[in-house]
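In: coords please:
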Amino acid sequence: MTLSKCITILSVSASLALALSAGSVAAQGAPPYLSYAAKFACGTALLDADVVKGVYATSVNIHNPQNVTPVNFLKKFVVALQEGQSFQQPIVLNSNEVLGPDLAERVDCPLIASHITPKPDLTKVHIEGFVVIEVPQTSTSGTTLVLDVVAKYSPRGGATGFTVVKIPPTLIGAGL
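Out: Next up is the predicted model:
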């Protein structure tokens, strides 16, 4: 199976899991929000196992397409653990980030690794998980808010290729 097919399957699986969990959020009365979950794969896989031996890099670009409205959002990393490993809380970077109109930011492997404790040496280990962006569905003025979220995946070494994937939002907590 190619890397792009694996990434597509993982993206669809993540969207489905988020959609299935939306019912419990809606029951709690939380305001609706959009969740973008971009898969990340970073570092060196030393053996052929769940991924091909090689070096993996991910870059997630977040763009605010609004022409006058800044977007407040929460950004967190959810590290995927091996089955049987201890539960780990998501790493919330900032509960109130702001991205100005028509501005963009990038989240990459060195940034992700810098927030994991203990900090992984990406020349020796492979880590995976999700960069999750949560955006209120509407602004205080009633404007519908969306972001452009695009992930770029680049393996080197035993695995080769380059894939860009647009990450669709999942609506959470709207009485689904």
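
In: Dead centre of this protein: give me the residue that sits there.
Out: Val131 (2.4 Å; C-alpha atoms, centre = their mean).

In: Remind me which helix or strand it belongs to.
Out: strand 126-136 (DSSP states H and E).

In: can you tell me the helix or strand for Ile112?
Out: With DSSP H and E as the criterion, Ile112 is inside helix 109-114.

In: same for the longest strand along the chain, what does it pack against?
Out: Ranked by residue count, the top strand of the chain under DSSP state E comes out as strand 33-45. Under the contact definition 3 or more C-beta pairs under 8 Å, 6 or more residues apart in numbering; DSSP states H and E, strand 33-45 sits against helix 3-27, strand 54-63, helix 109-114, strand 126-136, strand 148-156, strand 170-172. C-beta coordinates here come from the backbone N, C-alpha and C atoms, glycine included.

In: Direction included, what does that strand pair up with?
Out: strand 54-63 (antiparallel), strand 126-136 (antiparallel), strand 170-172 (antiparallel) (DSSP bridges).

In: Redo these as JSON lines? Include distance to Ile112 and mean pLDDT.
Out: Formatted as JSON lines, those follow (distance: least, C-beta to C-beta, whole Å; pLDDT from 0 to 100):
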{"stretch": "strand 54-63", "distance to Ile112": "8", "mean pLDDT": "94"}
{"stretch": "strand 126-136", "distance to Ile112": "7", "mean pLDDT": "93"}
{"stretch": "strand 170-172", "distance to Ile112": "21", "mean pLDDT": "92"}
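
In: Compile those into TSV and extend it with columns for distance to Pro101.
Out: As requested, the strands paired with strand 33-45 are exported to TSV (distance: least, C-beta to C-beta, whole Å):
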stretch	distance to Pro101
strand 54-63	10
strand 126-136	14
strand 170-172	23
